[in-house]
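Colleague: I need the structure of the sequence given here:
(chains A and B)
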Protein chains: 2
Amino acid sequence: MRQQNLARVLHTLAAEGSLSRAAVATRIGLTRAAVSTLVEELLRGGLLVEEGPGRSGSVGRPGTQLRLTDRGPCGFGAEVGVDRLAVCAADLRGEIRVRVEREVRNQQREPAAVLAELRALAGRARAEAVRVGLRPAGLAVAVPGLVTRAGSTVLRAPNLGWRDVELAGLLPTDLGPVTVHNEASLGGLAELWSRTEPAADSFVYVSAQIGIGASIVVDGHLLAGAHGFGGELGHVPVRPEGPVCGCGGRGCLETYAGEEAVLRAAGIEPGPGVRLGALTARCEADEATALRAVRRAGTALGIALSGAVNLLDPRQVVIGGTLSRLAPWLLPPLRRELARRTTVAAGGRPTPLPVTASPLGPDGPLRGAAGLAVRTALDQPATLLAPALPH
Amino acid sequence: MRQQNLARVLHTLAAEGSLSRAAVATRIGLTRAAVSTLVEELLRGGLLVEEGPGRSGSVGRPGTQLRLTDRGPCGFGAEVGVDRLAVCAADLRGEIRVRVEREVRNQQREPAAVLAELRALAGRARAEAVRVGLRPAGLAVAVPGLVTRAGSTVLRAPNLGWRDVELAGLLPTDLGPVTVHNEASLGGLAELWSRTEPAADSFVYVSAQIGIGASIVVDGHLLAGAHGFGGELGHVPVRPEGPVCGCGGRGCLETYAGEEAVLRAAGIEPGPGVRLGALTARCEADEATALRAVRRAGTALGIALSGAVNLLDPRQVVIGGTLSRLAPWLLPPLRRELARRTTVAAGGRPTPLPVTASPLGPDGPLRGAAGLAVRTALDQPATLLAPALPH
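Modeller: Sure thing, here's the model as predicted:
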């Protein structure tokens, strides 16, 4: 019970930034006295700091504001991407304080080799975090594939070429408890947590890169699916007799709007080091082939998302991932298809369904992973209040 | 608080049929004494009956079982279908006790004329209900279209030809409080309430007839969508350059698998009195054109549902509505498409996604409407306990 109340104080401050003791008490519905006791324990444990007019020597004065510390425990996020590895650390306030990244073509590489490289990167991130006064309190890893609920196995990651990869022994062990998740799910959570308007908390977030995933957020909650495998937008059929897809189906969205499909349609052979930058430059230069390729991808995204919008009736569609950089050319045809194909679902809407590029760009999943590690740590104040391990 | 506890006793008995006082107390977490007081009030009000060994003169003896009455308040369900009107009444146990129905082609008819006919039918159902000892406690109406959250307006019902129809003054007034809902939503609720296995409570229910709607049930809750317009499976694009649909889109599922599209593909001109029976007979007689038409519809349903399954990862797909009568010919191609196109989402599944015909057949929406009226009434025990209106 006490642990739960400590956690509620921490989460309230994580959500609101800084508050007085009285404001915390109002938010969580406990007495001022009860909150003061909880706050003292968190201050002693170094998880909170005081600031504002009453700061020094006048604990509890009305002007004193409480905040989560920017030192002490931190959550790590890692991303195993098709063409990059990245690790970051966020302090309890959710600020990204450390970030290391490596561009590397992971397709068809041995999982053990990829994850050894991730461990090395995590070691660098850990050292950097310690240097700025942080200590590891947990790690969440984003993977572009289907992960078992327990997070112990990547069942399929078609764009990495992984199948039934057991993760035991391959993940970093010195960053605290580790969990593994689908990258689009974490991207959707990052998008959700970056919002301030609760009205917008029913949306479809698209993580569009080599693979295309989605998260469906309904009333502020991620819809994971019965087996945790929801959000596979990339394998929604766009043209049922279309090109064969890596998943075994035909005409899946990824065969039209996946990063490699778009590059090829623009006449750019994808390969090591060949990235969307080249395509963006050609679009900016108004090259017809490039523009046509991106429009075709936007149209395919719009067709697949029309199905999703008709089924789910969200308040908003948000495009994240590397393809979000192509938003100026991608979104107009996407919006056009949605407008044509969701008229029934649009029945009572005063305005068209908003479709925007995520302000987090391709960093959604990595930020979501760090955010999840922080939130998981805040759920366990007892662990955070224990004496720090020596490092 | 007392009203809430009375409602909990009623809902517990609605879910479990018959229970002793002690079993009710365990289920709802109140003391035996508290439950006895609540039960006495409900017995006096005629909402419960006692049965079993200790029935007469030994109130509260361990063997005495409580049940909801099969007399007294009842919930009415009504369906405004494209080719039928129906009204039924369910007692508090959820048993359908009265049912009247009329086949009538409602397409392009004036809403006022259709609803006048519905009121006449409701009058007949009411008289029949009173005759068997029931009294009206509420009405829910199923409409094949988009209904505002408040239930005051049908925004669009393309297969009826309705647009922005204000319902005030057009619905029955002598059956208790009236609510109006999308027919597929009510069908999904009927399917949910007919289940005993909670593990199966994440499913997509398809209401397939002239229009094709769906309800998405996640962990036992209907996913209504931000504006209440979710589940528009009929307008999921199957072939983006396909036939023009009544909704303004192209190649929507309804243009391939709606009842009229299937009849036409089978060489049967749909019209007044022409129904699926003719098509079923031809399928049973192995007629090639009929079989091809139904297979084509099953394939289209499979393509659209592949998108839904990839996005939602349900435990099951259930086909209801008139088309469910074609299940022997419809389901094999539907299952084939799902198997081909949802391999990624099937990653961790030991067996293929179960696809079955709803045991409720085309009656899901009507039964769901009556069930909702009963459940809404059980939420308001004070109203049910009030002296009955004279009739």
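Colleague: excluding its backbone neighbours, what's nearest the closest residue to chain B within the stretch 151-300 of chain A?
Modeller: When scored by C-beta to the nearest C-beta, the stretch 151-300 of chain A has A:G225 as its residue closest to chain B, at 2.5 Å. Every residue, glycine included, has its C-beta placed from N, CA and C. Counting by C-beta to C-beta, 6 or more residues apart in numbering or on different chains, B:D313 is the residue found nearest to A:G225 once chain neighbours are left out, at 2.5 Å.
Colleague: can you pull the contacts of the one you found?
Modeller: Going by C-beta atoms under 8 Å, 6 or more residues apart in numbering or on different chains, B:D313 touches A:A224, A:G225, A:A226, A:H227, A:G228, A:F229, A:G230, A:G231, A:E232, B:A345.
Colleague: Now do the contacts for the residue lying closest to the first one once chain neighbours are set aside.
Modeller: Same thing as A:A224. Distances taken as C-beta to C-beta, 6+ apart place A:G230 nearest to A:A224, at 5.7 Å, with adjacent residues excluded. When contacts are counted by C-beta under 8 Å, 6+ apart, A:G230 touches A:I216, A:L223, A:A224, B:L311, B:L312, B:D313, B:A345.
Colleague: right, and the fifth one touches A:H227 too?
Modeller: No. Taking contact to mean C-beta atoms under 8 Å, the distance of 10.9 Å between B:L312 and A:H227 leaves them out of contact.
Colleague: contacting residues for A:G77?
Modeller: A:87-90, A:139-142, A:186, A:366-373.
Colleague: Among these, which lie within helices?
Modeller: Residues of those located in helices (DSSP state H): A:L186, A:L366, A:R367, A:G368, A:A369, A:A370, A:G371, A:L372, A:A373.
Colleague: So what's the residue count around the residue lying closest to the first one once chain neighbours are set aside?
Modeller: If you skip the residues right next to it in sequence, A:L186 has A:G368 as its closest partner in space, 3.3 Å away by C-beta to C-beta, 6+ apart. One way to gauge burial is a neighbour count; for A:G368, by other C-beta atoms under 10 Å in any protein chain shown, it gives 32.
Colleague: I'd guessed A:G368 sits against A:A142; true?
Modeller: Yes. A:G368 lies in contact with A:A142 (C-beta under 8 Å); the separation is 7.0 Å.
Colleague: Report the set of residues contacting both of these two.
Modeller: What both A:G368 and A:A142 touch, as defined by C-beta under 8 Å, 6+ apart, is the set A:G77, A:L186, A:G187.
Colleague: can you pull out the strands in the stretch 51-200 of chain A?
Modeller: Secondary structure of the stretch 51-200 of chain A (DSSP state E, counting those that start in this stretch): strands located at A:65-68, A:72-80, A:84-91, A:96-103, A:134-143, A:146-147, A:153-157, A:162-166, A:178-182.
Colleague: CSV for those strands, including mean pLDDT?
Modeller: Output for the strands of the stretch 51-200 of chain A, formatted as CSV (pLDDT from 0 to 100):
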stretch, mean pLDDT
strand A:65-68, 95
strand A:72-80, 97
strand A:84-91, 97
strand A:96-103, 96
strand A:134-143, 97
strand A:146-147, 92
strand A:153-157, 90
strand A:162-166, 92
strand A:178-182, 96
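Colleague: Walk me through the domains of chain A.
Modeller: When chain A is parsed into structural domains using automatic domain parsing, the resulting residue ranges are A:2-68, A:73-188+A:366-385, A:195-358.
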